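1. quick one: sequence and predicted model below, then my questions.
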There are 2 protein chains.
Amino acid sequence: MERIPILRIGTYLLVTIQVDMHDQLALTLQTDLTDRIAEVGARGVLIDISALEIVDSYIGRTLANIASMARVLDAATVVVGMQPAVAITLVELGMTLPGIHTAMDVDSGMQFLRRSVRDAEDPDDWRRNSTEE
Amino acid sequence: MERIPILRIGTYLLVTIQVDMHDQLALTLQTDLTDRIAEVGARGVLIDISALEIVDSYIGRTLANIASMARVLDAATVVVGMQPAVAITLVELGMTLPGIHTAMDVDSGMQFLRRSVRDAEDPDDWRRNSTEE
């Protein structure tokens, strides 16, 4: 396993993290993701971490980096599917993932992205989004 | 890594296979997937194999099993993102994945599923699908 696949769904990109994020994999993901955001003009990135039973400070920092890079490229990032035990550990460790939006699952995450993209657009131009799917 | 996450997107389920499918993992995926199809009443299953550089006969059989089980539960299955080298090897090995639909990426796979679900419905009842997203 050399890279984490990035799936395009409409104007969003979906990444499912299933393996331990060692240094090189995290760097590759950041590069691949920023390339894809620019390539497809993505408006949002969904990162599914439902398979992760442990989120340590390295993964937390990687997620924060990805969110910051995506923001610069005008895409919002939502982390979805966090296991309850992971949330407990994160808070106990004092890691509150600042600047990262979270949602229960991919569906909720997409709804959040649709809303946030719509809010960011000119209100007079709202019809653009209603045909986006 | 004990199980492959199954993501719900509208009325479809998305599975991204990133790791080697040993026996237990394949069985767990089959059970989890059939459970989720029944639970959410899914109409389609998308299996992304873009991360796989090798698809052997075991994985091929697992994919065929999943497609058959999904069909019994009234859900179509589409395998997406196959690497060109994998396609070449499959054909050279004489494995043509009978009964499995393929598509280039998740977007194309979803379009295929939307079309096939629509065709399967009563033509007088087509409006049902136009509000499904």
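-> Structure's in. What do you need? Numbers count the residues shown, from 1 in each chain, chains lettered A, B, ... in the order given.
2. what's the closest non-adjacent residue to A:N65?
-> A:Q30 (6.2 Å; CB to CB, 6 or more residues apart in numbering or on different chains). C-beta coordinates here come from the backbone N, C-alpha and C atoms, glycine included.
3. now that neighbour: which helix or strand?
-> A:Q30 is part of helix A:23-40 when elements are defined by DSSP states H and E.
4. check A:V79 too.
-> Using DSSP H and E, the element containing A:V79 is strand A:76-80.
5. so which bits of chain A are right by chain B?
-> By the rule CB under 8 Å from any CB of the partner chain, the part of chain A lying against chain B is A:1, A:3-5, A:7-10, A:14, A:16, A:18-19, A:48, A:50-51, A:81, A:105-107, A:110, A:133.
6. give me the buried subset of the residues you listed.
-> A:4-5, A:7-10, A:14, A:16, A:18, A:48, A:50-51, A:81, A:106, A:110 (16 or more other CB atoms under 10 Å in any protein chain shown).
7. mind saving the C-alpha coords of whichever helix or strand comes after the strand holding A:V79 as CSV?
-> Per DSSP H and E, the first helix or strand lying C-terminal to strand A:76-80 is helix A:84-92. Extracted C-alpha coordinates of helix A:84-92, given in CSV (Å, rounded to 0.1, in the frame of the first residue of the first chain):
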residue,chain,number,x,y,z
PRO,A,84,-16.8,7.5,20.1
ALA,A,85,-13.7,6.1,21.8
VAL,A,86,-11.5,8.2,19.6
ALA,A,87,-13.4,11.3,20.5
ILE,A,88,-13.0,10.5,24.2
THR,A,89,-9.3,10.0,23.9
LEU,A,90,-8.8,13.1,21.8
VAL,A,91,-10.5,15.3,24.4
GLU,A,92,-8.6,13.6,27.2
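8. and the following helix or strand past helix A:84-92, what's buried?
-> Beyond helix A:84-92 on the C-terminal side, the first helix or strand identified by DSSP H and E is strand A:101-103. Within strand A:101-103, the residues that qualify as buried are A:H101, A:T102, A:A103, counting by 16+ other CB under 10 Å.
9. can you redo those as CSV, where the extra columns are pLDDT?
-> Converted to CSV, those look like this (pLDDT from 0 to 100):
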residue, pLDDT
A:H101, 92
A:T102, 94
A:A103, 95
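10. and which of these is nearest chain B?
-> A:A103 (11.9 Å; CB to the nearest CB).
11. would you mind measuring from the residue nearest to the closest one when sequence neighbours are not counted to A:H101?
-> Once flanking residues are discounted, A:A103 sits nearest to A:G109: 3.9 Å by CB to CB, 6+ apart. Per CB to CB, to the nearest Å, A:G109 is found 8 Å from A:H101.
12. overlap in contacts, these two.
-> In terms of CB atoms under 8 Å, 6 or more residues apart in numbering or on different chains, A:G109 and A:H101 are both contacted by the residues A:V78.
13. and A:E53, how many neighbours does it have?
-> 12 (other CB atoms under 10 Å in any protein chain shown).
14. ok, it - contacts?
-> A:Q83, A:A85, A:V86.
15. rewinding a little: who touches the helix or strand following the helix holding A:Q30?
-> Downstream of helix A:23-40, the next assigned helix or strand under DSSP H and E is strand A:44-48. Contact partners of strand A:44-48, identified using CB under 8 Å, 6+ apart, comprise A:11-17, A:33, A:37, A:63, A:66-67, A:70, A:75-81, A:106, A:109-110, A:113, A:116-117, B:5, B:7.
16. buried subset of these?
-> A:11-17, A:33, A:37, A:63, A:66-67, A:70, A:75-81, A:106, A:109-110, A:113, A:117, B:5, B:7.
17. what about chain A, any weak spots by pLDDT?
-> For chain A, residues meeting the criterion pLDDT under 70 lie at A:1, A:122-133.
18. please repeat the previous calculation with a cut-off of 80.
-> A:1-2, A:98-99, A:117, A:120-133 (pLDDT under 80).
19. any idea how far A:T102 is from A:Q83?
-> For A:Q83 relative to A:T102 (CB to CB), the value is 12 Å.
20. list residues touching both of these two?
-> Residues touching both A:Q83 and A:T102 by CB under 8 Å, 6+ apart: none at all.
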